[in-house]
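Engineer: The sequence and its predicted three-dimensional model are supplied below.
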Amino acid sequence: MYNKLYRFIFFILSISIYSAKISASTLLPLGIELFDFVYDKMEKYEATQQDIYIYTIAPYLIPKNTVDITPLNFLKYNSNKKINIFAIGTETFTTQTFSSGESLETIRAGLSGMFNKNIFFFSNISLDENKAEDKLYSGKKWRGLAGGVEQSFLFAQFKHFNIFAGRFKSFWGIKKSLLLSESNALDGLQYTVTYKKISLTYRLAKLNQLETSLTTSVFDNRYFAGHRIDVRLHKKLRIGLFESIVFGGIGRTVEFNYLNPLMSYHAEQLNNDVNDNSFLGADFTYYPIQKTKIYGQLLIDDYQIENNSQGDQEPNQYGFIIGGYSVDFIKSYDVRLEYIKVTNRTYNQAFERNRYIFENKSLGYFNTNDFDKINLSVTKWFSPLRSLSLHYTHLRKGEGTITDTWTEPWLETNGDYSETFPYGIVEKSNRLSGQFKSFLGSYFYLDLEAGIENIKNKNNSIQNSQQNKFLTIKLFTFFSKSI
């Protein structure tokens, strides 16, 4: 394991001899922990400034002089039409009770820049041992690595309009969005139209195909379409309303009604008598006092309004998040408290093609359903580029999953039907950890987390309890050159 680390560090150090010196606005892609640190800083800035900028659609175009991202100068752009070539290497060490330690590598390389003052581009490839070891990964592997184009997109920014086109990661509403999270890089487009305190956003993406038979090469095509409107009702209050739909089938292509950002997709699939999977919801951000925000999101998959037939006894399927975040709650200390709940069968559907997943993972932040959890974090900032956090999580997880075979037990009963939440045998866990994050000079970033977790009824099995101690170390190194 250590020989691999030495080879890896030697390789990166041998090529880390340049650092781009570019100063301008920054378009910061999602989905890389190194960049997530800056998104954490942006949230601090948001809670402190409480400005009119809409923080509900990512990636962000980060203005100058908002947060310190000095070590990531290679992601800054200007209009001199230079191209930034960069590489990011990650070594991840993990060890925990009942399992041996392992070391996995990820190497990313790419380029970014501007065609002019309005049009940006970003593209990178990755070779990833972590992804190859993921049991949910179904793609090709080469010598223990999963590789390919991770993200590749154009971004055009104008006064009242911006658009992304290509393969990119995004989130809607909040970073832990139940609707659309940064976990997946989807091929398609996303645009936002803004007028004064109102913005309208639309996204269309192609999802992975599903083979319909083991003996044929016939596939279900699958697509995602979504739209949302955000309104800044007051300096202290923003409300967003959204709708999305997963649709597809054999030979089915993108349909014009789902290209319309002003159309009701749920009404369309009902009126056309097609079985697509629609979602509705809302989110908000409220700033009650300086340096503090309260936020939440509600996602509705299926909600029974009528009670006219036995089919109306189907349990409601929904999820929500409510949280609070305070900057400098005590000087240099930030505090966050969240409660999350997602009911059984949410994201699932009778037809596999309509499940709310992409390549075996949820389109939302949480890759499961039938759970609730409480998160509490306290973060001490030693400098703009260094922090130490204490995290506590209490989780209850039922037997349900997104990929369960669809059943309808309410049709097999007479009268009222109900289920416990969480469903079945409940796994309960309490997790406590400390996490240190820091840039180390101009070329390195460290993310270290260690803690302990007590689990009761692990994997939803009675009397299967254990205590697990864990340690994760992620070391990033990066370099760039402007050409």
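Structural biologist: That came in fine, so what should we check first? Numbering: from 1, shown residues only.
Engineer: Which helix in this structure has the most residues?
Structural biologist: Secondary structure assigned by DSSP state H gives helix 33-49 as the longest helix of the chain.
Engineer: Tell me the buried residues in that one?
Structural biologist: By neighbour count on 16 or more other CB atoms under 10 Å, the buried set for helix 33-49 is 34-47. To be clear about C-beta, it is placed using only N, CA and C from the backbone, and glycine gets the same treatment.
Engineer: Not counting its own residues, what contacts that helix?
Structural biologist: For helix 33-49, the surrounding residues in contact (CB atoms under 8 Å, 6 or more residues apart in numbering) are 28-30, 53, 55, 58, 60, 62, 66-69, 72, 75, 88, 90, 175, 287, 290-293, 325-327, 334, 384, 437, 439, 445, 447, 474, 476, 478.
Engineer: Buried ones only from these, please, as a ChimeraX command.
Structural biologist: For the buried members of these, the matching ChimeraX selection, counting by 16+ other CB under 10 Å, is:
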select :28,29,30,53,55,58,60,62,66,67,69,72,75,88,90,175,287,291,292,293,325,326,327,334,437,439,445,447,474,476,478
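Engineer: among the contacts of helix 33-49, which are in strands?
Structural biologist: Cross-referencing the contacts of helix 33-49 against strands under DSSP state E gives 28, 60, 62, 88, 90, 292-293, 325-327, 334, 437, 439, 445, 447, 474, 476, 478.
Engineer: what's the closest of the buried residues of helix 33-49 to residue 127?
Structural biologist: Checking the buried residues of helix 33-49 against residue 127 with CB to CB, the nearest one is residue 34 at 16.2 Å.
Engineer: and residue 448, how many neighbours?
Structural biologist: When neighbours are defined as other CB atoms under 10 Å, residue 448 has 16 of them.
Engineer: Start the count at 694 instead of 1 going forward.
Structural biologist: Shifting the count to begin at 694 puts that one at residue 1141.
Engineer: Output the longest helix of the chain as PDB, nothing but the C-alphas.
Structural biologist: Extracted as PDB, the C-alpha positions of helix 726-742 are listed here (Å, rounded to 0.1, in the frame of the first residue of the first chain):
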ATOM      1  CA  GLU A 726     -14.100  17.100  -3.000                       C
ATOM      2  CA  LEU A 727     -11.300  19.500  -3.600                       C
ATOM      3  CA  PHE A 728     -13.900  21.900  -5.200                       C
ATOM      4  CA  ASP A 729     -16.500  21.100  -2.500                       C
ATOM      5  CA  PHE A 730     -14.400  23.000   0.000                       C
ATOM      6  CA  VAL A 731     -15.000  26.100  -2.000                       C
ATOM      7  CA  TYR A 732     -18.700  25.500  -2.100                       C
ATOM      8  CA  ASP A 733     -18.600  25.300   1.700                       C
ATOM      9  CA  LYS A 734     -17.000  28.700   1.700                       C
ATOM     10  CA  MET A 735     -19.600  30.000  -0.700                       C
ATOM     11  CA  GLU A 736     -22.300  28.900   1.700                       C
ATOM     12  CA  LYS A 737     -20.600  30.800   4.500                       C
ATOM     13  CA  TYR A 738     -20.500  33.900   2.200                       C
ATOM     14  CA  GLU A 739     -24.200  33.400   1.300                       C
ATOM     15  CA  ALA A 740     -25.300  33.200   5.000                       C
ATOM     16  CA  THR A 741     -23.200  36.300   5.800                       C
ATOM     17  CA  GLN A 742     -24.100  38.500   2.900                       C
END
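Engineer: Now do that helix, average pLDDT.
Structural biologist: Helix 726-742 carries an average pLDDT of 88.
Engineer: give me every residue that touches the residue nearest to residue 845 when sequence neighbours are not counted.
Structural biologist: Of all residues not flanking residue 845 in the chain, residue 816 sits nearest, at 3.9 Å (CB to CB, 6 or more residues apart in numbering). By CB under 8 Å, 6+ apart, the residues touching residue 816 are 803, 804, 805, 842, 844, 845, 846.
Engineer: Run through the chain and note the low-pLDDT ranges.
Structural biologist: By pLDDT under 70, the weakly predicted segments of the chain are 694-718, 745, 767, 769-774, 906-909.
Engineer: how about the strands in the stretch 944-1093 of the chain?
Structural biologist: With DSSP state E, counting those that start in this stretch as the criterion, the stretch 944-1093 of the chain has strands at 970-979, 985-995, 1010-1023, 1026-1035, 1050-1051, 1054-1055, 1064-1076, 1079-1090.
Engineer: Repeat that for the stretch 794-943 of the chain.
Structural biologist: Remark: strands assigned in the stretch 794-943 of the chain by DSSP E, counting those that start in this stretch are 812-821, 839-850, 854-861, 879-888, 891-904, 912-927, 930-943.
Engineer: The longest one - contacts with which helices or strands?
Structural biologist: Contacting strand 912-927 under the criterion 3 or more CB pairs under 8 Å, 6 or more residues apart in numbering; DSSP states H and E are the following elements: strand 891-904, strand 930-943.
Engineer: what packs against the last one?
Structural biologist: Strand 930-943 is packed against strand 912-927, helix 958-964, strand 970-979, with contacts defined by 3+ CB pairs under 8 Å, 6+ apart.
Engineer: now swap in the first one and tell me
Structural biologist: Using 3+ CB pairs under 8 Å, 6+ apart as the contact test, the elements touching strand 891-904 are strand 879-888, strand 912-927.
Engineer: hang on, the earlier thing: include distance to residue 776 when you put the strands of the stretch 944-1093 of the chain into a markdown table, please.
Structural biologist: Rendered in a markdown table, the data for those read as follows (distance: least, CB to CB, whole Å):
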| stretch | distance to residue 776 |
| --- | --- |
| strand 970-979 | 36 |
| strand 985-995 | 37 |
| strand 1010-1023 | 36 |
| strand 1026-1035 | 37 |
| strand 1050-1051 | 30 |
| strand 1054-1055 | 32 |
| strand 1064-1076 | 31 |
| strand 1079-1090 | 31 |
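Engineer: So which of those strands is nearest residue 928?
Structural biologist: strand 970-979 (10.7 Å).
Engineer: Quick check: neighbours of that closest one in the sheet, parallel or antiparallel?
Structural biologist: strand 930-943 (antiparallel), strand 985-995 (antiparallel) (DSSP bridges).
Engineer: any idea how far the longest one is from the chain center?
Structural biologist: A distance of 16 Å separates the C-alpha centroid of strand 930-943 from that of its chain, computed with CA atoms, centre = their mean, to the nearest Å.
Engineer: Over to the last one?
Structural biologist: For strand 985-995, the separation from the chain centroid amounts to 15 Å (computed by CA atoms, centre = their mean).
Engineer: so it versus helix 726-742, what angle?
Structural biologist: Calculated by axes from the mean of the first three to the mean of the last three CA atoms, to 10 degrees, strand 985-995 forms an angle of 120 degrees with helix 726-742.
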